[in-house]
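> Mind looking at a prediction? Sequence and model below.
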Amino acid sequence: MTMDPLIQDSRRIIVTLANLFKRENLAPEFQVLSQGKTNIEVSGYDNWNGGTTIYGISCRIPLELYSNIELEIQAIEQSIKDKAETLFRSYPESWIGEVVISPELADEIHGKAYKISHEDLVKLLETQKSVMVSVSTGGARIQEVNSDYQSTLPEISEALRERELHNPNPFKDLWEWYGKWSDGSLPTYQSRRAFLSEMYSSTIETIKGMKTASVNPVFEEPTGWNRVDRSMGEIKLRLVQADSEEQYQGIGLLARETLISLAQAVYDPELHPSTDGTIPSKTDAKRMLEAYISSVLPSKSNENIRRHARASLDLANDLTHRRTAEFRLAAMCAESTNAVINILSIISGRRDRG
């Protein structure tokens, strides 16, 4: 069987593409092709005009690179496709169908943001244990504390499931616990304390050994600007998981895009005239935010709010291009972006009570 000449040359085509992008200083395309696992495969066939073979290019790239360029993926795919079309001209009856960039599959989760911190979960478990000790050693009456005990059960169970830990406590209420310690198997106060200590100790020690990774916003509730809320949630998760310069830069890029989404959510060109007479583009977050704040809070005394929004955007831009990006700068960028979102949500009335 004759080997498809284009498939036979696929490796050389990919290398040539990478070198072309490098020569043109197109870094994202070069990174995708040089760092990823790229393949050219037949994806279809068209009988028109004597027959044309359709090829697809798939690029599996490292997760950190994917996170860093995620917002530009479609543009990069199109750029690679356009360049590939030039090389495909050397192969008769051949056509490039699509370019697909996707992240390499990971084997494990590196870090995780939990709804309840490890410290708070340990406190819940120790409080639960203390209540069980109390009712079984002549302390609190079951009737007085059972409802509080039951109310924390779902929260504890969910937090343990998140961590893939077994719930050591099988007692659904304190009456079930009463049935256990009053059946004669735990006749003394000491035996009951020892039983509970053994029941909880392994789980509590395991949780204490876990590394806490959490980001706590001032407002727990989302703003209702769906795109902004999704982006801010992604920033928080990335801050928890990031451990490289590229990943910290990716947080800056996402923060900048989040502020653009925020500006687009609040800005109305008919209601909020630009402060310098220039009509903002759809990605000019600085002008849109200044126009909105100036219109809603038309006072020189509110310049500090406008300055804060500008500074947050500048910090995000700085982080995106900083070659020495590290956690502290990324954390400040995330915090300042979150602050601008909350300030705008307060100004717009989305945080009003009642």
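That came through, no problem. Residues are numbered from 1 along each chain as shown.
> Report the distance from the helix or strand bottoming out on mean pLDDT in the chain to the chain centre.
The helix or strand of the chain with the poorest confidence is helix 303-321; it has a mean of 72 (mean pLDDT, DSSP states H and E). Centroid separation for helix 303-321 versus its chain: 21 Å, with CA atoms, centre = their mean, to the nearest Å.
> packing partners for that helix?
helix 245-266, helix 285-296, helix 327-347 (3 or more CB pairs under 8 Å, 6 or more residues apart in numbering; DSSP states H and E). No exception for glycine: its C-beta is placed from N, CA and C like everyone else's.
> Make a markdown table from those and add mean neighbour count to it.
Shown next, in a markdown table, are those (neighbours: other CB atoms under 10 Å):
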| stretch | mean neighbour count |
| --- | --- |
| helix 245-266 | 23 |
| helix 285-296 | 22 |
| helix 327-347 | 19 |
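> JSON lines for the ones you listed, including distance to residue 302 and mean pLDDT?
Shown next, in JSON lines, are those (distance: least, CB to CB, whole Å; pLDDT from 0 to 100):
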{"stretch": "helix 245-266", "distance to residue 302": "15", "mean pLDDT": "86"}
{"stretch": "helix 285-296", "distance to residue 302": "6", "mean pLDDT": "86"}
{"stretch": "helix 327-347", "distance to residue 302": "9", "mean pLDDT": "84"}
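> so which of these gets nearest residue 272?
helix 285-296 (4.2 Å; CB to CB).
> so that closest one versus helix 327-347, what angle?
Relative orientation of helix 285-296 versus helix 327-347 (axes from the mean of the first three to the mean of the last three CA atoms, to 10 degrees): 30 degrees.
> Tabulate the CA atom coordinates of helix 285-296 in CSV.
The C-alpha trace of helix 285-296 is given here as CSV (Å, rounded to 0.1, in the frame of the first residue of the first chain):
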residue,chain,number,x,y,z
ALA,A,285,-12.0,48.2,30.1
LYS,A,286,-10.3,51.3,31.4
ARG,A,287,-12.3,53.8,29.5
MET,A,288,-15.6,51.8,30.0
LEU,A,289,-15.1,51.6,33.7
GLU,A,290,-14.1,55.2,34.0
ALA,A,291,-17.1,56.3,32.0
TYR,A,292,-19.5,54.2,34.1
ILE,A,293,-18.1,55.3,37.5
SER,A,294,-18.0,59.0,36.4
SER,A,295,-21.6,58.8,35.2
VAL,A,296,-23.0,56.9,38.2
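> Going by contacts, tell me the helices and strands next to that helix.
Packed next to helix 285-296, using 3+ CB pairs under 8 Å, 6+ apart, are helix 245-266, helix 303-321, helix 327-347.
> Quick one: closest of the ones you listed to residue 21.
Of those, nearest to residue 21 by CB to CB is helix 245-266, at 17.8 Å.
> what residue is smack in the middle of this protein?
Nearest residue to the geometric centre of the chain (CA atoms, centre = their mean): residue 234, 2.6 Å.
> Now that one. Its backbone dihedrals?
phi -70, psi -40 (degrees, to the nearest 10).
> same thing with residue 39?
Torsion angles, degrees, to the nearest 10, at residue 39: phi -130, psi 150.
> That one pairs with what?
residue 58 (DSSP bridges).
> and the closest residue in space to residue 284 that isn't next to it in sequence, what does it touch?
Once flanking residues are discounted, residue 284 sits nearest to residue 263: 7.7 Å by CB to CB, 6 or more residues apart in numbering. By CB atoms under 8 Å, 6 or more residues apart in numbering, residue 263 lies in contact with 280, 284, 285, 288, 289, 292.
> So which of the residues you listed is the closest to residue 86?
The closest of these, once distances to residue 86 are taken by CB to CB, is residue 284, at 33.8 Å.
> residues near that closest one, how many?
17 (other CB atoms under 10 Å).
> mind checking how far it is from residue 206?
50 Å (CB to CB, to the nearest Å).
> Surely residue 39 is in contact with residue 7?
No. When contacts are counted by CB atoms under 8 Å, residue 39 is not listed as touching residue 7 (9.6 Å).
> on that earlier part again, for residue 104, which of the helices and strands packed on helix 303-321 is the nearest?
Nearest of those (CB to CB): helix 245-266, 14.3 Å.
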